[in-house]
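A.B. asks: Okay, predicted coordinates and the sequence, questions at the end:
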Amino acid sequence: MHIHRYERWWMTFGIGMLAIFLAVILFAAFADNMNPPSGMMQVDPTKVAQTPPFDKPGLRRTGPHAFDAYYVAQIFMFAPASIDVPAGSTVTFYVTSPDVVHGFNITHTDINMMVVPGWVNTASHTFRERGTYLLVCNEYCGAGHQNMFGKVEVH
Ligand SMILES: [Cu+2]
């Protein structure tokens, strides 16, 4: 069977690209150790209010400059609505939802998570600059979505 020269170039190019993509994925997985999350925390969405630590959402100090912040995102509020930490603190956020999918986005940081009922999402940020950081829900979650916000005060 005769394959036109240009056709052969395109096939070589296409197969070459697939080989490069595969090499990038394998490199990230094995050399950079980038893997999908495993052992993620789960929580029964119908029992969030009774499940520690989400039965008492809020800030816990874990070290001189370290905090854990446990949040419940629900229609249409965040609990806690506001937290207060000293500048230079690293805060690890743990968020879950008892109802629908919400967003958890803290402005001027790289914290931007999807909050899915049944799962605990987590991310950390070191707040070096003083100020008030706005926390917003950026996943449309219902009629009161625009009222769903909180804040992080860094003093
Ligand atoms: Cu929401």
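C.D. replies: Cool, got the structure. What you see is a predicted model, and the numbers here were worked out from it, not measured in a lab. Numbers count the residues shown, from 1 in each chain.

A.B. asks: On the pLDDT front, check residue 40 for me.
C.D. replies: Here the pLDDT value assigned to residue 40 is 79.

A.B. asks: how about the residues of the protein that lie near the ion?
C.D. replies: Counting by C-beta under 5 Å from the ion, the chain comes close to the ion at 102, 137, 141, 148. Just so you know, the C-beta spots here come from the backbone N, C-alpha and C atoms, and that holds for glycine as well.

A.B. asks: With neighbour count, pLDDT and secondary structure added, can I get the residues you listed in TSV?
C.D. replies: Below are the residues of the chain next to the ion laid out as TSV (neighbours: other C-beta atoms under 10 Å; pLDDT from 0 to 100; DSSP: H, G, I helix; E, B strand; the rest coil):
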residue	neighbour count	pLDDT	secondary structure
102	31	97	strand
137	27	97	coil
141	20	96	coil
148	22	96	coil
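
A.B. asks: Let's have those residues in TSV, adding distance to residue 29.
C.D. replies: Listed next are these as TSV, based on distance: C-beta to C-beta, whole Å:
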residue	distance to residue 29
102	30
137	33
141	34
148	36
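
A.B. asks: what ranges do the helices span in this protein?
C.D. replies: For the chain, applying DSSP state H gives helices covering 5-30.

A.B. asks: wait, which of the residues of the chain next to the ion is closest to residue 40?
C.D. replies: Lowest distance from residue 40 to the residues of the chain next to the ion (C-beta to C-beta) belongs to residue 102, with 17.0 Å.

A.B. asks: was I right about that closest one contacting residue 137?
C.D. replies: Yes - using C-beta atoms under 8 Å, residue 102 makes contact with residue 137 at a distance of 4.9 Å.
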